[in-house]
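Enquirer: sequence isn't available, so here's the structure alone:
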């Protein structure tokens, strides 16, 4: 039995959520955002959790605030994916995108589970450019 993962942002037609994991978006050495990383059959979406409301109003303020999409990019735009590290965290997913941007996410949970879900999602994606 597969449970459905609900999201607060609109899905494209024929798009399904394949995997959800708690993650940290690592902008640079001093700036990071906590949230959830969603892997769909078309794109990767990072939904940030508002940590300021937690500091101001505690757990109740954190629960009542809305999450927002911080980053999203298509699976077909990914040019490179690799496992890297950031400090002591050795479970950092690094994505290079076709426009030159590089996104790094610290993955919560088991790395193998995330990697397997990512590899399965990439099997169905047709890349924009193919080298043959």
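Expert: Good, I have the coordinates. In this text the structure is predicted, and so the values were computed from the model without any measurement.

Enquirer: can you pull out the low-pLDDT segments for this protein?
Expert: Counting by pLDDT under 70, the chain shows low-confidence ranges at 1-3, 29, 50-69, 126-132.

Enquirer: any idea which residue sits dead centre in it?
Expert: Nearest to the geometric centre of the chain sits residue 37, at 3.0 Å (CA atoms, centre = their mean).

Enquirer: so which strand or helix has that residue?
Expert: strand 32-40 (DSSP states H and E).

Enquirer: ok, residue 122 next?
Expert: helix 111-123.

Enquirer: just to revisit the earlier point, can you pull the contacts of the residue nearest to the centre of the chain?
Expert: Counting by CB atoms under 8 Å, 6 or more residues apart in numbering, residue 37 touches 20, 21, 22, 23, 44, 45, 46, 47, 105, 107. The way it works is simple: take the backbone N, C-alpha and C, and place the C-beta from them, glycine included.

Enquirer: which one of the residues you listed is nearest residue 123?
Expert: residue 44 (15.2 Å; CB to CB).

Enquirer: kind regards, and thank you for your time.
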